[in-house]
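Student: What would the 3D arrangement of this be:
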Amino acid sequence: MSRSPRLLLIYPATHSLGWARYFQLPSHSLQMVAAATPRHWEVVLADEVHDEVPFDGTFDLVGITAMTHQATRAYEIADRFRARGVPVVMGGIHPTVLPEEALLHADAVVIGEAEPVWAQLLDDLLAGCLKSVYRAPVPTGDLLSAPWPRREILAGRRYLTTQTVQASRGCPYDCSFCTVTPYFGHTFRYRDPDDILAEIRSFRRKLVVFLDDNLLGDPAKARPILRGLAEMNVRWGSQTNLRFAEDPELLKLVADSGCIGLFVGIESVVGAHANMAKSGTRYSQADLMKRVRDAGIILETSIIFGFDDHDESVFDTTVRFLEECSPSVPTFHILTPYPGTALFRQFQEEGRLLTTDWSRYDHSTVVFRPRLMSPERLHRGWLEARREAYSWRAIATRVMRNPGRRLTNLAYNILRKGPNDLLEDEAP
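Tutor: Numbering: from 1, shown residues only. This is a model prediction of the structure:
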């Protein structure tokens, strides 16, 4: 080949986000694929949130990542490139759990984490012997080795921030509805804290977003990271669970390290899913939320409606609970049985799936038959809870009850209110 080989990496978008695209985070997985690509390759990114896909461009390989809700669009894109004779490789959570389906639209599929197999895949492509499946080894141990992402491929696009870091992968809790463990494994694997902190020191601005599913899930591994952050004068946010707030010293360290906001999965305020391993403790959820709130940390809580022990009373009970606890930013989701999870297998075996149109697996559409209410009632209850939680009265109450960062808290709530006000009463 007389020229450098060209790789096009694509992040599919399912709908236009308008101005909200400027508040999105860039795809970390595609930055990691770029980092694992030998430097003699030219790497081009097409993030459909911001870009048009260059269907007429000259590329030696197209790589497409897909979560389940992106799969339909990803397949459309892949089919267009393959019709021109351009080879396509697909990866991400959805192709990992449904590789046979993905291979109907791709020349090759990466199962699991891309970094361990990517160089071999590219070598095989150039040698003319590309295989259909590249399966990453099952993650073991508690150490995560990963290159720094290639942020230069993001140039020319405006995101909330490009200073995103992944300190850990995996989760030991194995919730029936979650895709993390099928993809990243059943144990916490953390990068060396010195490597994480060195990456953050390379940033030019103060805001950092950790993309971990549970950054504080292993406090012993998280503490060295937090201590290093405390010396940097940065501001950061991430995902975790409420159990970290059981330890007053750990909570203080999180606050002192510059944490401005955390996203936590409450899942449910009633029934079995209110007392899961990752959230059930000797302390109440309300008590732990108050501790985080009093520490001046913005707390975004995720609530899921539609578990098998949820009846019609769950909507009002949840709204009243959130009024009492006043987390900074509540979010509401409809239970979604993603392929590859135990929940999907259960609903499939029980004949309760209403559709496998993956574009509808978006947390806002009922794709299964609930046990104790109709699909229509589940959708309507989700809609009513969102609207009530984002009335101006509810927003004002939350902002006043959160002592720290009130302007930031208000801004977050207004950003959430906009999409809620646009919700329509369409059938699920």
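
Student: ok, now which ones touch T58?
Tutor: R6 (Cβ atoms under 8 Å, 6 or more residues apart in numbering). Every C-beta, even on glycine, is put in place using the N, C-alpha and C of the backbone.

Student: for R291, same thing?
Tutor: Residues in contact with R291 (Cβ under 8 Å, 6+ apart) are A245, P248, L251.

Student: give me every residue that touches L154.
Tutor: Residues near L154 by Cβ under 8 Å, 6+ apart: P26, Q31, L45, D47, T162.

Student: re the thing from before, in JSON lines: the contacts of R291, plus pLDDT, secondary structure and neighbour count.
Tutor: Converted to JSON lines, the contacts of R291 look like this (pLDDT from 0 to 100; DSSP: H, G, I helix; E, B strand; the rest coil; neighbours: other Cβ atoms under 10 Å):
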{"residue": "A245", "pLDDT": "93", "secondary structure": "helix", "neighbour count": "27"}
{"residue": "P248", "pLDDT": "95", "secondary structure": "helix", "neighbour count": "10"}
{"residue": "L251", "pLDDT": "97", "secondary structure": "helix", "neighbour count": "20"}
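
Student: mind listing which of the contacts of L154 are in strands?
Tutor: L45, D47 (DSSP state E).

Student: of all the contacts of L154, which comes closest to G91?
Tutor: The shortest approach to G91 among these belongs to Q31, at 13.4 Å (Cβ to Cβ).

Student: Correct me if wrong: F177 contacts I304.
Tutor: Yes. At 7.5 Å, F177 counts as touching I304 under the criterion of Cβ atoms under 8 Å.

Student: Show me the common contact partners of the two, please.
Tutor: Going by Cβ under 8 Å, 6+ apart, residues that sit against F177 and also against I304 are L335.

Student: which one of these two has more residues nearby?
Tutor: Taking neighbours as other Cβ atoms under 10 Å, F177 and I304 compare with I304 leading, 21 against 18.

Student: List of residues touching the host helix or strand of the more buried one?
Tutor: Using DSSP states H and E, I304 sits in strand 298-305. With Cβ under 8 Å, 6+ apart as the test, strand 298-305 has contacts from 177, 237, 260-269, 273, 289, 292-293, 314-315, 318, 322, 327-335, 378, 381-382, 385, 402, 404-405, 408-409, 412.

Student: Sort out which of these are buried, if you could.
Tutor: 177, 237, 260-269, 273, 289, 292-293, 314-315, 318, 322, 327-335, 378, 381-382, 385, 402, 405, 408-409, 412 (16 or more other Cβ atoms under 10 Å).

Student: so of these, which ones are in strands?
Tutor: 237, 260-267, 329-334.

Student: Just give me the closest of these to R6.
Tutor: Ranked by distance to R6 (Cβ to Cβ), these are led by G237 at 35.4 Å.

Student: Once you drop chain neighbours, what's closest to the closest one?
Tutor: Once flanking residues are discounted, G237 sits nearest to G261: 4.0 Å by Cβ to Cβ, 6 or more residues apart in numbering.

Student: Would you map out the domains in this structure?
Tutor: Following the TED database, one finds the domains of the chain at 6-135, 151-422.

Student: of all these, which lies closest to D142?
Tutor: Nearest of the domains of the chain (Cβ to Cβ): domain 151-422, 5.5 Å.

Student: so after the worst-scoring helix or strand of the chain on mean pLDDT, what's the next helix or strand?
Tutor: Of all helical and strand segments in the chain, the minimum by mean pLDDT, DSSP states H and E falls on helix 180-184, at a mean of 70. With elements assigned by DSSP H and E, the helix or strand that comes after helix 180-184 is strand 189-190.

Student: residues making contact with the next helix or strand after that following strand?
Tutor: Helices and strands here follow DSSP H and E; after strand 189-190, the next one along the chain is helix 193-201. For helix 193-201, contacts defined as Cβ under 8 Å, 6+ apart pick out W148, Q163, V165, A167, V208, K221, P224, I225, G228, L229, M232, V234.

Student: Which among these count as buried?
Tutor: With neighbours counted by 16+ other Cβ under 10 Å, those contain buried members at Q163, V165, A167, V208, K221, I225, G228, L229, M232, V234.

Student: Now do stretch 378-390, average pLDDT.
Tutor: For stretch 378-390, the mean per-residue pLDDT is 95.

Student: pull the CA atoms of that stretch into CSV?
Tutor: Extracted in CSV, the C-alpha atoms of stretch 378-390 (Å, rounded to 0.1, in the frame of the first residue of the first chain):
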residue,chain,number,x,y,z
LEU,A,378,-46.1,2.1,33.2
HIS,A,379,-45.3,4.6,30.5
ARG,A,380,-47.9,7.1,31.8
GLY,A,381,-46.6,6.8,35.4
TRP,A,382,-43.0,7.4,34.3
LEU,A,383,-44.2,10.4,32.3
GLU,A,384,-46.2,11.9,35.3
ALA,A,385,-43.4,11.3,37.7
ARG,A,386,-40.9,13.1,35.5
ARG,A,387,-43.2,16.1,35.0
GLU,A,388,-44.0,16.4,38.7
ALA,A,389,-40.4,16.2,39.7
TYR,A,390,-39.5,18.9,37.3
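
Student: can you give me the offset of that stretch from its chain's centre?
Tutor: 22 Å (Cα atoms, centre = their mean, to the nearest Å).
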